[in-house]
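# This is the structure alone, sequence omitted:
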């Protein structure tokens with residue numbers, strides 16, 4: 001039996017399956033397993049995949065030193081143009097996003113799924129001016145009505161984009177406070193907190209993308225990041241892979257879901273680059289054919305200049 005802490009485990013949450021791989025640090029042995037994702041919490045499939053790895057390695061849950069999650073299912077959902085239970089809250093009189101029936105990707109922005117379907121976009125009165133001064137108070141009753149509407153409509157995540165919120169985020173933050181009272185299960189993304197703040201339409205898109213990615217990542221992982229094995233070591237490092245190939249603590253990764261949207265495909269491409277370096281192959285092409293899309297990358301001298 002290997003010593004404690006000798007296994008590094010990677011889990012990719014794919015479309016219908018958990019793909020698991022373990023590396024034993026003592027001798028470099030590799031173990032792999034596959035577990036179907038049934039209805040309910042994906043963490044059950046994660047636990048099953050880990051159990052199969054441990055049986056192969058003759059190890060215990062306490063022998064896992066690192067657990068890294070990636071989410072190919074998020075990229076698959078984007079590729080399949082899945083309609084997500086998202087909502088949008090904007091300033092009354094400024095709908096921001098043009099009407100769209102969801103049948104084809106938008107030309108502007110290139111978003112391949114219906115971000116905020118009719119009935120899931122709510123307008124609330126109240127306004128900040130460009131200098132950040134309150135020109136009209138926030139209509140809190142309208143916000144409460146929107147929260148109730150989203151709750152009854154099954155909206156699981158929503159973006160809030162109010163006029164001039166970067167200059168004064170008080171109204172957007174108040175919207176979040178009200179939602180926590182009425183619809184706490186709904187994850188809100190405030191446009192004032194998204195990177196690359198620009199005009200309202202750009203901020204709305206960025207916030208909606210963040211909300212969509214957060215929903216997809218959390219849906220794929222379930223509670224796997226907190227109870228992936230029956231009795232893991234308290235000091236087991238639980239990480240989430242990001243689209244740039246880096247890994248961060250699970251709490252940080254879940255708080256920045258947009259950075260992990262392509263974590264599954266990225267993991268495969270970076271692994272291919274590592275293999276090319278080990279085999280001293282200067283130029284190579286990596287191809288990852290998934291459930292709904294194919295990812296391709298050029299590898300030159302062990303790095304990924306283009307993917």
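Received it, and whenever you're ready, just let me know what you need. Worth saying up front: this structure is predicted, and the values here are computed from it rather than measured.

# I'd say residue 135 and residue 127 touch.
Yes. Proximity of residue 135 to residue 127 meets the contact threshold set by C-beta atoms under 8 Å, at 4.6 Å. Quick note: C-beta positions are derived from backbone N, CA and C, even for glycine.

# Tell me which of those two has more neighbours.
A direct count of neighbours by other C-beta atoms under 10 Å for residue 135 and residue 127 places residue 127 higher, at 19 against 12.

# ok, that one - contacts?
91, 134-136, 162-164 (C-beta atoms under 8 Å, 6 or more residues apart in numbering).

# ok now the helix or strand hosting residue 201, how far from the chain's centre?
Counting by DSSP states H and E, the element that carries residue 201 is helix 200-221. Taking C-alpha atoms, centre = their mean, to the nearest Å, the mean C-alpha location of helix 200-221 is offset from the chain mean by 8 Å.

# Check which helices and strands it sits against.
If you count contacts as 3 or more C-beta pairs under 8 Å, 6 or more residues apart in numbering; DSSP states H and E, helix 200-221 packs onto helix 72-79, strand 86-91, strand 157-161, strand 187-190, helix 250-255.

# For the last one, buried residues please.
By that I understand helix 250-255. 250, 253-254 (16 or more other C-beta atoms under 10 Å).

# what's that helix packed up against?
Using 3+ C-beta pairs under 8 Å, 6+ apart: helix 250-255 touches helix 200-221, helix 224-227, strand 237-241.

# helix/strand/coil for residue 45?
Following DSSP: H, G, I helix; E, B strand; the rest coil, we place residue 45 in the helix state.

# Hmm, it is touching residue 33, no?
No. Using C-beta under 8 Å as the test, residue 45 is too far from residue 33 to be in contact (10.5 Å).

# End to end on stretch 181-190, go ahead and measure it.
17 Å (C-alpha to C-alpha, to the nearest Å).

# mean confidence for it?
For stretch 181-190, mean pLDDT is 94.

# contact partners of it?
For stretch 181-190, using C-beta under 8 Å, 6+ apart, the contacting residues are 87, 144, 147-148, 150-151, 155-160, 165, 169, 172-173, 175-176, 179, 207-208, 210-211, 214-215, 218.

# Filter the contacts of residue 127 down to the buried ones and hand me the PyMOL line.
A single PyMOL command selects the buried members of those (16+ other C-beta under 10 Å):
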select buried, resi 91+162+163+164
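
# Kindly reformat the contacts of residue 127 as TSV containing secondary structure.
Shown next, in TSV, are these (three-state DSSP):
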residue	secondary structure
91	strand
134	strand
135	strand
136	strand
162	coil
163	coil
164	coil
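
# Closest one of the contacts of residue 127 to residue 236?
Using C-beta to C-beta, residue 162 comes nearest to residue 236 of the contacts of residue 127, at 41.4 Å.

# Tell me where the model's unsure across the stretch 101-250 of the chain.
101-119, 196-198, 219-235 (pLDDT under 70).

# If we use 80, what do you get?
By pLDDT under 80, the low-scoring segments of the stretch 101-250 of the chain are 101-120, 195-199, 201-202, 205, 215-237, 250.

# residue boundaries of the helices in the chain?
43-57, 72-79, 140-152, 170-182, 200-221, 224-227, 250-255, 263-278 (DSSP state H).

# possible to save those helices as a markdown table with distance to residue 63?
Output for the helices of the chain, formatted as a markdown table (distance: least, C-beta to C-beta, whole Å):
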| stretch | distance to residue 63 |
| --- | --- |
| helix 43-57 | 7 |
| helix 72-79 | 26 |
| helix 140-152 | 43 |
| helix 170-182 | 40 |
| helix 200-221 | 22 |
| helix 224-227 | 17 |
| helix 250-255 | 20 |
| helix 263-278 | 22 |
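
# which one of the helices and strands packed on helix 200-221 has the most crowded surroundings?
strand 157-161 (a mean of 28; mean count of other C-beta atoms under 10 Å).

# hmm, back to that, redo the helices and strands packed on helix 200-221 as a markdown table? Include distance to residue 10.
Formatted as a markdown table, the helices and strands packed on helix 200-221 follow (distance: least, C-beta to C-beta, whole Å):
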| stretch | distance to residue 10 |
| --- | --- |
| helix 72-79 | 12 |
| strand 86-91 | 29 |
| strand 157-161 | 27 |
| strand 187-190 | 26 |
| helix 250-255 | 14 |
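
# between those, which gets nearest to residue 261?
helix 72-79 (5.2 Å).

# Among the contacts of residue 127, find me the one that's closest to residue 122.
So of the contacts of residue 127, ranked by how close each gets to residue 122 (C-beta to C-beta), first place is residue 91, at 10.7 Å.
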